[in-house]
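Visitor: Requesting a structural model of the entry that follows:
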Amino acid sequence: MSKLIVIGIDGGTPDIMLSLMDQGMLPNFEAIRRRGAFGELLSVPNQRSAAAWSSFITGTNPGRHGIFEFYERIPGSHSVRFTRASQRNGISFWKYLSDRGKTVISINVPMSYPAEEISGCVISGLDAPGKQSSGFTYPPDLLSDIEAAVGPYVQEPGVTSLVIAGQIGEALDKIIYSVRQRGKAVRYLMGRYNWDTAIAVFRETDPVQHCFWKYLDDDGAEFKDAVFKVYQEIDLEVGRILTEAGPDARVLVLSDHGFGPRQHGNGCLNQWLGEAGFLKMTNGRKGISIPGILRKAYHLLEKNLSRRMKERLFGMFPGVISRVHSRVFFGSIDWEGTLAYSDNIMPVVWINSDAKGGSMSPEKYREAVSAVKEALLNMCCEGKTGKKVVEWVKHRDEIYSGPGVSKAPDLLIKWKESEVITGLRFGEHGSPIRPRYPTGEFAVISGDHRPMGVFMASGDGIRQNVVLTGLTIVDVTATAVYLSDLPVPEFMEGSVPASLFEESFLSSHRIGLEKWDSHADTADLPAYSPQEEEDLKNRLRGLGYLE
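Guide: A predicted model of the protein is given here:
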């Protein structure tokens, strides 16, 4: 059976990639498309990286694997805790391949920390507290071998802090350096192991689109081509990886979601919920309230401290920093008088089941859900135009299935992509609400996630020059297992798209199913230490995933 390469492009966007391929700017991706298949790939409902990559890893929806974000609410409180691979319900597909005798290389897939013991090797993704953390790689000494051979391995380039500090050119340079070092590490490991399947994720397209999207339509901007340059650098590395793999290797390319201009509805949600009468502040205001001194202190830290200095600070004062985070995150919410609240970051709403000092009955809960949904659909309007901007609001039970559904926020909002959302107002004639994000990282983000990512495939048995439709991210997982010459385990929810393959290939390679225990043995995997939790919180906050 041919070797299989799976390339992840975090935030890979169909419109951008197609345009660049048509202009001859991505020759290696264009060769994959021309010799094989291309299609849009539907992400998970909330379009969040932690949930989407976990679905790719397990082949199941977030309600099954239980990961919706890099953090989750602690039941019975308004605090958060970090999620990690060992909390996931379901084994990784590379563990499944390894258990069936395959040698696998897995590099930089988000939500893969701590690294699993497999036949092959694993480098964890951005959810690891740091590259020196215990469990960052398997085997444990892998990182030192890589860095001795190819130089520094970049876990995350720390883009957002540089942009906040005005070091935009340096941020772009670090992104490109990260791409190149990632590619070197991938090729080194491909040469070191006698592998069957190699999986590598280039995350650099995500931060560059978050921070540089605003320059795409500015013809005079110095960084107008920044996003394109990063795609081009990844294309170069993909070409080198394919050369290393040899001409007989098959390749799958996927992204966890797409990208588009940022909609600023998220940053107004708590203020809007206050105007709607669902949220109350302890100071009597209707919206989010963050003390001025606290906000100024955060901005000072964001702008003037290096990432290393921030990590030292977090390590020295972990308890204080956690309390400050909670204060910034939730402002001054009066929990007893609040029925529904958000975080002013994600398009989600939680129902406060402890409102009015008691536990909410199922009937009252349904009434609360219905009231908030109706208000969002009918009274959530754009701040300048007064147009309704919510396409749909869905309860978690409507979009997820499985034992982990209760971990999801109660409501998920989909903004109308056809509208430019600069702010919100309650009702067509309400007072405009300006977005208020917890910290400065969110102020510099100009691009955000969209539901449609990218899928590509080429190699022996795959049809040439075909456009696929209707694919979801879990279909890629099933296809990767199938192309590893193994039956697809029944717990996976995706399907192998028969239209991707030539008839002769399908007739000689039957798509089989197999019963398999989807639960990984995670009892011996270590928890995050207090130091690691603070380091991880700092990184995720800098990437726009946490307050």
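Visitor: Output the below-cut-off pLDDT ranges for this structure.
Guide: 1, 284-331, 355-358, 439-440, 516-547 (pLDDT under 70).
Visitor: Tell me which other helices or strands the helix or strand hosting residue 393 touches.
Guide: Per DSSP states H and E: residue 393 is located in strand 390-395. If you count contacts as 3 or more C-beta pairs under 8 Å, 6 or more residues apart in numbering; DSSP states H and E, strand 390-395 packs onto helix 362-379, strand 411-415. Quick note: C-beta positions are derived from backbone N, CA and C, even for glycine.
Visitor: now the ones you listed as CSV including mean neighbour count and distance to residue 17?
Guide: Listed next are the helices and strands packed on strand 390-395 as CSV, based on neighbours: other C-beta atoms under 10 Å; distance: least, C-beta to C-beta, whole Å:
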stretch, mean neighbour count, distance to residue 17
helix 362-379, 15, 33
strand 411-415, 20, 23
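Visitor: Quick one: closest of the ones you listed to residue 47.
Guide: Comparison of the helices and strands packed on strand 390-395 against residue 47 by C-beta to C-beta identifies strand 411-415 as nearest, at 9.3 Å.
Visitor: got the angle for the closest one vs strand 390-395?
Guide: Here strand 411-415 points in a direction 170 degrees away from that of strand 390-395 (axes from the mean of the first three to the mean of the last three C-alpha atoms, to 10 degrees).
Visitor: next structured bit after strand 411-415?
Guide: By DSSP H and E, the next helix or strand past strand 411-415 is strand 424-426.
Visitor: Give me the contacts around that next one.
Guide: 265, 268-269, 271-272, 275-276, 379-383, 386, 389, 431-433 (C-beta atoms under 8 Å, 6 or more residues apart in numbering).
Visitor: same deal with stretch 16-32?
Guide: With C-beta under 8 Å, 6+ apart, stretch 16-32 has contacts from 33, 38, 227-228, 231-232, 235-236, 238-239, 242, 251, 253, 259, 454, 456-458.
Visitor: List the buried residues for it?
Guide: 16, 17, 18, 20, 21, 25, 26, 28, 29, 30, 31, 32 (16 or more other C-beta atoms under 10 Å).
Visitor: Could you check how far it is from the centre of its chain?
Guide: Distance of stretch 16-32 from its chain centroid, counting by C-alpha atoms, centre = their mean, to the nearest Å, is 24 Å.
Visitor: Following whichever helix in the chain runs longest in sequence, what is the next regular element?
Guide: Counting residues, the longest helix found in the chain (DSSP state H) is helix 168-192. Next along the chain after helix 168-192, taking DSSP H and E as the criterion, comes strand 197-202.
Visitor: Direction-wise, compare that next one with helix 168-192 and give the angle.
Guide: Using the same axes, to 10 degrees: strand 197-202 against helix 168-192 is 170 degrees.
Visitor: In the stretch 151-300 of the chain, what residue spans correspond to strands?
Guide: Using DSSP state E, counting those that start in this stretch, the strands of the stretch 151-300 of the chain run over 197-202, 250-254, 258-261.
Visitor: between these, which one is nearest to residue 282?
Guide: strand 258-261 (34.9 Å).
Visitor: And the contacts of the closest one?
Guide: With C-beta under 8 Å, 6+ apart as the criterion, strand 258-261 contacts 11-16, 43, 209, 213-214, 417, 420, 446-454.
Visitor: Repeat that for stretch 469-479.
Guide: Under C-beta under 8 Å, 6+ apart, the answer for stretch 469-479 is 6, 39-44, 52, 55-61, 93, 252, 254, 256, 453, 455, 457, 488, 492-497, 500.
Visitor: Sitting in helices, which of those do you find?
Guide: Going by DSSP H, the helices hold 52, 55, 56, 57, 58, 93 from the contacts of stretch 469-479.
Visitor: all helices for the stretch 101-250 of the chain, in order.
Guide: Remark: helices assigned in the stretch 101-250 of the chain by DSSP state H, counting those that start in this stretch are 142-150, 159-164, 168-192, 205-212, 226-245.
Visitor: so which of those is the most packed in?
Guide: helix 205-212 (a mean of 27; mean count of other C-beta atoms under 10 Å).
Visitor: just to revisit the earlier point, turn the strands of the stretch 151-300 of the chain into a markdown table, including mean neighbour count and distance to residue 121.
Guide: Formatted as a markdown table, these follow (neighbours: other C-beta under 10 Å; distance: least, C-beta to C-beta, whole Å):
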| stretch | mean neighbour count | distance to residue 121 |
| --- | --- | --- |
| strand 197-202 | 26 | 10 |
| strand 250-254 | 25 | 19 |
| strand 258-261 | 21 | 30 |
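Visitor: Turn these into a markdown table, including distance to residue 117.
Guide: Shown next, in a markdown table, are the strands of the stretch 151-300 of the chain (distance: least, C-beta to C-beta, whole Å):
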| stretch | distance to residue 117 |
| --- | --- |
| strand 197-202 | 16 |
| strand 250-254 | 25 |
| strand 258-261 | 34 |
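Visitor: Nearest to residue 100 among the ones you listed would be which one?
Guide: Across these, residue 100 has its closest neighbour in strand 197-202 (11.0 Å, C-beta to C-beta).
Visitor: Can you give the distance from the closest one to the centre of its chain?
Guide: With C-alpha atoms, centre = their mean as the basis, the distance from the averaged C-alpha position of strand 197-202 to the chain average is 16 Å.
Visitor: what lines up beside that strand in the sheet?
Guide: In the sheet, strand 197-202 lines up against strand 4-9 (parallel), strand 104-109 (parallel) (DSSP bridges).
Visitor: Quick one: residues in contact with it.
Guide: 3-10, 53, 94, 97, 102-110, 125, 179, 182, 186, 189-190, 234, 237, 241, 245, 480, 484.
Visitor: Neighbours of residue 453, how many?
Guide: Number of residues near residue 453 (other C-beta atoms under 10 Å) recorded here: 32.
Visitor: ugh, wrong one, I meant residue 121
Guide: Neighbours of residue 121 (other C-beta under 10 Å): 22.
Visitor: And the ones in helices among the contacts of stretch 469-479, which is closest to residue 401?
Guide: The closest of those, once distances to residue 401 are taken by C-beta to C-beta, is residue 55, at 12.4 Å.
Visitor: just checking, the closest one touches residue 61?
Guide: Yes: contact criterion C-beta atoms under 8 Å: residue 55 and residue 61 qualify, at 6.2 Å.
Visitor: The two: which has the busier surroundings?
Guide: residue 55 (27 against 23).
Visitor: which residues touch the more buried one?
Guide: Taking C-beta under 8 Å, 6+ apart, we find residue 55 in contact with 44, 61, 62, 65, 473, 474, 477.
Visitor: Mind putting these into a markdown table with distance to residue 437?
Guide: Listed next are the contacts of residue 55 as a markdown table, based on distance: C-beta to C-beta, whole Å:
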| residue | distance to residue 437 |
| --- | --- |
| 44 | 24 |
| 61 | 29 |
| 62 | 25 |
| 65 | 29 |
| 473 | 28 |
| 474 | 32 |
| 477 | 34 |
